[in-house]
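Enquirer: Here's a sequence, model it:
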Amino acid sequence: MGALLNPKNKMKQSPLHFAARYGRYNTCKRLLNSKDGPGIINEVDEDGSTALHHAAKNGHVKIITLLMQRGAYVTRDHEGNTPLHMAVIHGHTRSMRCILNVHGNLLDSKNNDGNTALHVACQVGQVPAVTLLMSADANFSLNENGGTFFDMAIDNKHADVATAIVKHHRWIEVLHTSSDAGCGMSRLIEHLPDVGMVVLDNCQKDSKRDEKTGGCKIRNSYIDYDFQFLQCPYTYTKAKQNPGEEVLPMYALNLMVKFGRVELLSHPVCKAYLSMKWLAYGVWLYSINFIMYIIFLVMLTYMVSLPCVNNFSPNSTNTTNYTLRKDDNSYICHQTGMGLELSKWVVLLFTVLNILKEIFQMVQQRVKYFTDLNNLLEWVLYVSSALFVTPVLFGYSDHLNIEAGAIAIFLAWFNCLLFLQRFDVFGIYVIMFLEILRTLLQALCVFSLLFVAFGLSFFLLLRHEMSAAYSTPGLSILRSAMMMLELDYMASFNEPYTDSDEKTLPYKAPTMILLIIFVLIMPILLMNLLIGLAVGDIEAVQKDATLKRLAMQVELHTDFERRLPQKLLERVDKVNIRVYPSCRTSMISSLWSKMTWQNAYDDPSRLPKENAELAMELMKQKAKIKQLTSFVEKNHDLLRLIVQKMEIKTEEDQMDEGEVMTKDELQCKAACKNNKWKSTKLQKNVKQSMVVSKWKQISSEKRDNNADC
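Expert: The predicted model follows:
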């Protein structure tokens, strides 16, 4: 008939485009068999898409095969997407296989954004497409933004895609591929911790066999732990070491602490990693440091307890141990002995070495050093110890020496308390104490205004009191603070009020009124508030005890690795270890492991499998719920379009948006709607309509019969 085979619509789409889009195989075949077939097979629309693009986009495998058999070119649209990209976007794996079987070079082809088909599959969340492309040995390249396909899955929060990637046999290659956004494991810790759990599960392998190792019969299993993904790649670490920017040691574990990933820190692989670090260098460094500090503490305590140091006063007549120097009012010590000489030199040596250590840390950490209050505490401890021991070293003592010694011995024992938080048994209680202390100081900073208010008021009213407790503003404020714990009502208020002496309590009424207000606010209200805050802190610490304990371990090892040479760390670190959980240890080793952190290997094989199975089952259920939700939404949209097309009115359409009807009104409306069909008039009209319709049908049949005759 001479009809045109390639007319175009406004989008420059030909009949072949429409036939390929809607899967009309015979139509496509007839169009291609026509004389214009070779000319229209590679025509593009306004988006630059050919018929092959449309067939791949809609998953029509037969048409894709037909077009490629007829010599269709594999071109790109205006966005640089190939037919493989279009098939990947919509998850048509059969179409992908069909295209790759003929055009394998499209596997790593990139669009205008530098995204390969694997990038696009992760971007849109097509799990089967990702698995297929990875199994086809797709290259793990970077796009124009310097991101990998794994970054696309993480950025778009596609947990199912990321899980499929780390479960693939090429998962190690994926995690070793770094991008500008960072290494893969660190990004999983921050954005998709559930997928990070799957990675850690992959790093733990159990093996069951019967053998003898070290005199211990291994009946059940040994466990291999792989730690390669708990440290960022060396190239990434070097790239991040810009001036003024520091990459923390144990980067992955520090990220877990930063984002509160308790489930990751509690994983047996992380515990085994910390225990490996502890056994490699932590136990030796910490033990040496702790033993040296205990020696310093014992020697300082011995010096403080000597009569030569503490048993004198300016008005004392006992000159057995001292001789008064007239020039500076100091005292020369006559007491000597091996213990005193040893303690003086040990304390001085420890003080000098630790001052040098603090200076080294100050140079190394720079601004961050001054943000840690522990450093300030240690400086005060070492300086006060030096001021205390130096005069004694030269055989004399004075007031400054004694005052510095009081500060030094207090901070020395307080710092010993902080040492105990490194032990697993005592650490949680030390953390509770420090949390309550921090809360108390914060609360007192606010409520100190009340101390000043009551202190100055009592100073004006009781400055002439006999005990002179309110004689100055400072003493009055201090006395007001002490009254929270011990009011001393009888001696300070009741007796002066009832002794009929105007000098002892000149302002009786205002004083008693102020006292009543003080009792209501300070001992009752404020003390209960502080107790409530303390209870809340204890509950919070107990709730986060696991995170706190593991965070302390990470902090300790991070501090060690900052100070140790890199060559030493490379020598003692291990990438993987093998643990035999069934081996028995000695009583001393068992006790030490309970006190410290070497209890990560206490049969960890009992928990990870159960946890992993539960986590995987939960992830599967989440994926199914997500899929079902998507199907329900699509069906709802489709049903709504059908209702609109058929012009069906629902009950909601009968009511205005702003109309609010009660339950009774809705029931009445439904009843009226049902009653309309029961009315006699309506039934009569329906019967008449049916009779007329039947008569028209019979008349039409008679006319058809007459026409045939």
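
Enquirer: contacts, neighbours, all on C-alpha from now
Expert: OK.

Enquirer: how close does L515 get to S492?
Expert: According to CA to CA, to the nearest Å, L515 stands 11 Å off from S492.

Enquirer: quick one, domains of the chain?
Expert: What automatic domain parsing lists as the domains of the chain is 15-202, 306-422, 434-543, 607-657.

Enquirer: avg pLDDT for the longest one?
Expert: Yep, that's domain 15-202 we're talking about. The average of the pLDDT scores along domain 15-202 is 91.

Enquirer: how far out from the middle of the chain is that domain?
Expert: For domain 15-202, the gap between its own C-alpha mean and the chain's C-alpha mean amounts to 33 Å (CA atoms, centre = their mean, to the nearest Å).

Enquirer: can you offset everything so residue one is 19?
Expert: Okay, residue one is now 19; in that scheme the one you just asked about reads as domain 33-220.

Enquirer: Contact partners for A422?
Expert: The contact partners of A422, by CA atoms under 8 Å, 6 or more residues apart in numbering, come to 402-403, 405-406.

Enquirer: quick one: which of the residues you listed has the most company?
Expert: F406 (30 neighbours; other CA atoms under 10 Å).

Enquirer: what sits against it?
Expert: Applying CA under 8 Å, 6+ apart, the residues near F406 are 418-423, 426.

Enquirer: of those, buried ones?
Expert: 419-420, 422-423, 426 (16 or more other CA atoms under 10 Å).

Enquirer: first to last residue in stretch 385-393, what's the distance?
Expert: By CA to CA, one end of stretch 385-393 lies 12 Å from the other end.

Enquirer: Could you list the buried residues of it?
Expert: Buried-residue list, stretch 385-393, by 16+ other CA under 10 Å: Y387.

Enquirer: What's the mean pLDDT across it?
Expert: The model assigns stretch 385-393 a mean pLDDT of 82.

Enquirer: starting at the chain centroid, how far to it?
Expert: For stretch 385-393, the distance to the chain centre is 24 Å (CA atoms, centre = their mean).

Enquirer: Repeat that for stretch 398-407.
Expert: 41 Å.

Enquirer: before we move on, what about stretch 286-295?
Expert: 19 Å.

Enquirer: Could you give the average pLDDT over that stretch?
Expert: pLDDT averaged over stretch 286-295 gives 89.

Enquirer: C-alpha coordinates for that stretch, CSV please?
Expert: Output of stretch 286-295 as CSV, limited to C-alpha atoms (Å, rounded to 0.1, in the frame of the first residue of the first chain):
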residue,chain,number,x,y,z
PRO,A,286,34.7,-12.2,68.4
VAL,A,287,37.0,-11.0,65.6
CYS,A,288,37.3,-7.5,67.2
LYS,A,289,37.8,-9.1,70.6
ALA,A,290,40.5,-11.4,69.2
TYR,A,291,42.2,-8.5,67.5
LEU,A,292,42.3,-6.5,70.8
SER,A,293,43.6,-9.6,72.6
MET,A,294,46.3,-10.1,70.0
LYS,A,295,47.4,-6.5,70.5
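
Enquirer: Spatially central residue for this protein, please.
Expert: F277 (2.1 Å; CA atoms, centre = their mean).

Enquirer: And it, how far from A430?
Expert: 34 Å.

Enquirer: and what of E64?
Expert: Taken as CA to CA, the span from E64 to A430 is 80 Å.

Enquirer: quick one: which of those two has more around it?
Expert: A direct count of neighbours by other CA under 10 Å for E64 and A430 places A430 higher, at 23 against 12.

Enquirer: residues contacting the more buried one?
Expert: Taking CA under 8 Å, 6+ apart, one finds 315, 399 in contact with A430.

Enquirer: So it, which state does it fall into?
Expert: Of the three states, A430 takes helix under DSSP: H, G, I helix; E, B strand; the rest coil.

Enquirer: Out of the domains of the chain, which is closest to Y240?
Expert: domain 625-675 (14.0 Å; CA to CA).

Enquirer: what about the closest one, average pLDDT?
Expert: The model assigns domain 625-675 a mean pLDDT of 67.

Enquirer: Could you do stretch 539-559 as well?
Expert: The pLDDT scores in stretch 539-559 average 81.
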